[in-house]
Structure formats: structure tokens, C-alpha cells
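J.: Got a sequence here, can you build the structure:
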Amino acid sequence: MFSRPLGLFSTIWLLGTSCLFFLPEVHPVTKDTMNWTIVVVAGFTMIGTVNWFVNARYTFRGPKRAEELVKVKAISVVNVGPASAEPEGNQSGGIEKM
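T.: As a prediction, this is how the structure comes out:
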């Protein structure tokens, strides 16, 4: 009920605050007073984009679908009771009494 409005609000908030982080701290902007955040973000964005087109779009499989998870959970486990390594007749732990 509230997920779409909250998602929209969160997206707008994130984009707005991200733009504020890119602004310079002082004017006039020189190489010493420049806010280098935009350069770093642009660099990582370019690296990620190149990686996507060169490699990731061919190898990325994504998350498993719910139908595949149901198949895994549908395998039943048989409960055989308490584990015992000894047959019922010999409960002495493998040592024969004389």
C-alpha cells in the first residue's frame, strides 16, 4: 500500500541529496577548492558501464525465481528417528560382556 509512494519519495530524496554532494564548497572554484566527488562518481560509473557491456551482461544470471526455490523446498526429508550406529540387539557400545 505504501511501498510505491515511499519508493518514489526515497528516489527523489536520494537524487536531490546526491546533487547537493556534487556542489563546490567555495566560489570561485579552482583546482585546489574543487569538490572531486563528481569526478570519482563519474569514473566509477564509466568503469561499471564498460564492465557491463564487455563482460557482465553475458555472465550475470540474476537471482533465482520463486518457482525454482519452491522446487528445492519440495524435496522431503524422511525422519528415521534417533540415530543409532548399533543394531537393536547390541546396545553395549560394541563391547561384549562376558
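
J.: those helices in the protein, which residues are they?
T.: When secondary structure is read from DSSP state H, the chain shows helices at 3-22, 37-51, 57-59, 66-73.

J.: mean pLDDT lowest for which of these?
T.: Lowest mean pLDDT within these: helix 66-73, at a mean of 67.

J.: which one of the helices of the chain is the most hemmed in?
T.: helix 37-51 (a mean of 11; mean count of other C-beta atoms under 10 Å). Every residue, glycine included, has its C-beta placed from N, CA and C.

J.: Give me the contacts around it.
T.: 21, 22 (C-beta atoms under 8 Å, 6 or more residues apart in numbering).

J.: Keeping just the C-alphas, turn that helix into CSV.
T.: The C-alpha trace of helix 37-51 is given here as CSV (Å, rounded to 0.1, in the frame of the first residue of the first chain):
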residue,chain,number,x,y,z
THR,A,37,33.2,13.8,-5.8
ILE,A,38,31.7,14.2,-9.2
VAL,A,39,34.9,13.0,-10.8
VAL,A,40,35.1,9.9,-8.6
VAL,A,41,31.4,9.1,-9.2
ALA,A,42,31.7,9.6,-12.9
GLY,A,43,34.8,7.4,-13.0
PHE,A,44,33.1,4.5,-11.2
THR,A,45,30.0,4.9,-13.4
MET,A,46,32.2,4.7,-16.5
ILE,A,47,34.0,1.6,-15.2
GLY,A,48,30.7,-0.1,-14.3
THR,A,49,29.2,0.7,-17.7
VAL,A,50,32.2,-0.6,-19.6
ASN,A,51,32.2,-3.7,-17.4
